[in-house]
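Novice: Turn this into a model:
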Amino acid sequence: MFRRILIANRGEIAVRIIRACKELGVESVAVYSTADSASLPVHLADRAVCIGPAASADSYLNMQNILSAATRLGCDAIHPGYGFLSENAEFARLVEQCGMVFIGPDAGVMEQMGDKAAAKALMVQAGVPVVPGSDGVVSGLEEARHVAQTIGYPLLIKASAGGGGRGMRRVYAPEELETAFQTASAEAQACFGDGAVYMEKLVLNPKHIEFQILADHHGNVVHLGERDCSVQRRNQKMIEESPSKALSATLREQMGQAAVRAARAAGYRNAGTVEFVLDSQENFYFIEMNTRIQVEHPVTEMVTGIDLIKEQIRIAAGQALPFTQQEIRLDGHAIECRINAESPQNGFRPCPGRIEGLFTPGGMGVRVDTAVYPGYEIPPYYDSMVAKLIVHGSSRLEAIRRMRRALEEFIVEGIETNIELQYLFLHHEEFVRGQFTTAFVENHLSELMR
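Specialist: Down below sits the predicted model:
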């Protein structure tokens with residue numbers, strides 16, 4: 001096992017990793033920007049090092065400063081969390097070159113799966129269903145027109161190097177293609193430094209289902225069931241749950257096996273997520289693989305009882321998975337709501353500021369992952385998520401009722417949040433029945449905001 005791990009991240013995921021390290025008997029090192037000098041990870045970690053000014057480019061994305069801090073403090077490994085450098089193959093490679101372990105997949109695997117077009121080609125070879133689309137990256141507008149004629153409309157243009165909805169455009173008719181192609185490519189270049197895009201058939205109003213996988217260095221690969229992430233706004237997830245009401249035991253087995261095949265085909269090691277879209281006829285298609293821990297990983301932990309962060313660390317340290325696929329059970333139901341410092345009434349404008357008062361819910365089956373506290377000043381430089389509220393119940397209905405109760409108890413004073421909107425989602429008939437798709441927020445936001 002490692003002696004000391006540096007956490008190349010901030011906020012609630014840094015706190016989450018620090019706690020796992022403490023329980024494993026591993027020292028933790030937090031890094032922070034000048035804007036985060038009073039943050040909770042700085043207080044909780046065994047050591048803390050300032051790595052630069054507030055801007056992410058000068059701190060949490062500053063590879064040289066992070067690696068310098070890690071080597072100076074004699075760290076054995078670096079955990080990247082999610083976001084920032086978590087899917088940066090160059091950073092993973094530099095960590096290894098500095099004699100430390102990157103807690104995640106190999107750089108080569110990260111590059112392969114980060115290239116969405118290459119990942120899709122690999123899935124075809126592995127027998128994993130994929131959405132019909134272009135054969136790799138589309139070279140230009142003329143090829144885009146040819147691909148569109150082949151696969152038909154509606155279609156989706158997607159950044160090859162990116163994710164999180166960036167560099168993505170829907171196209172419903174031929175006259176929309178040129179503008180969509182150019183804007184998607186330009187956004188991809190701006191966000192990821194790579195303007196390459198590919199195209200695929202748009203599956204209208206699908207379910208977004210992702211499978212959590214774990215793979216060690218001894219040939220063991222397992223999946224830990226699915227998460228339904230269909231409640232999204234502009235491709236950004238808002239509510240996640242496990243298991244999905246849309247999956248039968250047979251379909252879960254089929255999709256789980258496909259996720260494991262995907263991981264094996266990639267030569268994957270550590271924790272990862274295989275994402276699918278599921279249409280109304282129970283046809284599922286691979287869309288991408290996230291080569292990191294996900295924001296929504298707690299719902300899987302709640303239904304399996306498996307600590308995913310600890311497993312990440314153990315796998316990186318060379319240990320074998322302590323369980324087989326047959327030993328993994330999904331117990332009850334879990335739901336996660338992302339609590340953001342934002343104003344839904346004002347176009348979801350971020351609302352940084354001082355936490356004047358805070359009361360987090362508790363009780364049976366309630367978990368809050370956060371890094372904020374009374375008096376904490378939320379900086380304006382980073383993601384607006386301030387907490388994750390997770391509940392577990394013996395059934396989906398119990399979990400929904402428990403989440404409603406927990407949202408009622410959750411009080412944050414001094415800033416605006418999306419708590420009320422999440423509460424309204426939890427009461428909508430379509431959500432309660434489990435009949436929602438990725439169009440749920442788009443279809444019902446205006447009526448809920450009245």
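Novice: Contacts made by the one helix or strand residue 286 maps to with the rest, please.
Specialist: In this structure, residue 286 sits in strand 284-290 according to DSSP states H and E. Taking contacts as Cβ atoms under 8 Å, 6 or more residues apart in numbering, the residues outside strand 284-290 that touch it are 87, 113, 116, 119-120, 123, 128-131, 163, 203, 209-210, 251, 254-255, 258, 262-263, 266, 268, 272-279. All C-beta atoms are positioned from the backbone trio N, CA, C, and that covers glycine.
Novice: chain center to that strand, what's the gap?
Specialist: Centroid separation between strand 284-290 and its chain, computed with Cα atoms, centre = their mean, to the nearest Å, is 13 Å.
Novice: Isn't residue 5 up against residue 313?
Specialist: Yes. At 7.1 Å, residue 5 counts as touching residue 313 under the criterion of Cβ atoms under 8 Å.
Novice: and for the two, which residues touch both?
Specialist: Listed as contacting both residue 5 and residue 313 by Cβ under 8 Å, 6+ apart are 21, 26, 77, 79, 103.
Novice: what's the fourth one in contact with, if anything?
Specialist: Residues counted as contacts of residue 79 (Cβ under 8 Å, 6+ apart) are 5, 6, 7, 8, 9, 17, 103, 309, 312, 313.
Novice: give the contact list for the residue lying closest to it once chain neighbours are set aside.
Specialist: Distances taken as Cβ to Cβ, 6 or more residues apart in numbering place residue 103 nearest to residue 79, at 4.3 Å, with adjacent residues excluded. With contacts defined as Cβ under 8 Å, 6+ apart, the neighbours of residue 103 are 5, 77, 78, 79, 80, 270, 312, 313, 316.
Novice: Could you work out the most separated pair of these?
Specialist: Set against one another by Cβ to Cβ, the contacts of residue 103 have their most distant pair in 5 and 270, with a gap of 13.9 Å.
Novice: Could you check which of the two is surrounded by more residues?
Specialist: Using other Cβ atoms under 10 Å as the criterion, residue 5 and residue 270 rank with residue 5 on top: 29 against 25.
Novice: Toward the C-terminus, what is the element adjacent to the strand holding residue 286?
Specialist: Proceeding N to C from strand 284-290, the next assigned helix or strand is helix 297-304, under DSSP H and E.
Novice: burial count for residue 343?
Specialist: Other residues lying near residue 343 total 16 when counted by other Cβ under 10 Å.
Novice: where does the stretch 201-350 of the chain have low pLDDT?
Specialist: Along the stretch 201-350 of the chain, segments meeting pLDDT under 70 are nowhere present.
Novice: ugh, typo on my part, it should be the stretch 51-200 of the chain
Specialist: Scanning the stretch 51-200 of the chain with the threshold set as pLDDT under 70 gives 163-164.
Novice: ok, which stretches of it are helices?
Specialist: 63-72, 89-97, 107-114, 116-126, 141-151, 177-192 (DSSP state H, counting those that start in this stretch).
Novice: Distance to residue 242 for those helices - can I get that in TSV?
Specialist: Output for the helices of the stretch 51-200 of the chain, formatted as TSV (distance: least, Cβ to Cβ, whole Å):
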stretch	distance to residue 242
helix 63-72	32
helix 89-97	28
helix 107-114	22
helix 116-126	23
helix 141-151	32
helix 177-192	29
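Novice: What mean pLDDT does stretch 423-443 get?
Specialist: Here the mean pLDDT over stretch 423-443 is 96, rounded to a whole number.
Novice: to the chain's geometric centre, what's the distance from that stretch?
Specialist: In this view, stretch 423-443 has its centroid 21 Å away from the chain centroid, taken as Cα atoms, centre = their mean.
Novice: Can I get it in CSV, CA atoms only?
Specialist: The C-alpha atoms that make up stretch 423-443 are tabulated as CSV, following Å, rounded to 0.1, in the frame of the first residue of the first chain:
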residue,chain,number,x,y,z
TYR,A,423,-37.4,19.1,-5.0
LEU,A,424,-39.9,19.8,-7.8
PHE,A,425,-38.3,17.2,-10.0
LEU,A,426,-38.7,14.6,-7.3
HIS,A,427,-42.5,15.3,-7.3
HIS,A,428,-43.1,15.2,-11.0
GLU,A,429,-45.3,12.3,-12.1
GLU,A,430,-43.0,11.3,-15.0
PHE,A,431,-40.0,11.0,-12.6
VAL,A,432,-41.9,9.1,-10.0
ARG,A,433,-43.1,6.6,-12.5
GLY,A,434,-39.5,6.3,-13.9
GLN,A,435,-40.7,7.1,-17.4
PHE,A,436,-38.3,10.1,-17.9
THR,A,437,-35.7,10.3,-20.7
THR,A,438,-32.9,12.8,-21.4
ALA,A,439,-35.6,15.1,-22.7
PHE,A,440,-37.2,15.3,-19.2
VAL,A,441,-35.7,18.6,-18.0
GLU,A,442,-36.1,20.3,-21.4
ASN,A,443,-39.8,19.3,-21.6
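Novice: Next up, the contacts around the nearest residue to residue 11 once chain neighbours are set aside.
Specialist: Beyond its immediate neighbours in the sequence, the residue positioned closest to residue 11 (Cβ to Cβ, 6+ apart) is residue 371, lying 4.7 Å away. For residue 371, the contacting residues are 10, 11, 12, 14, 15, 39, 40, 41, 386, taking Cβ under 8 Å, 6+ apart as the criterion.
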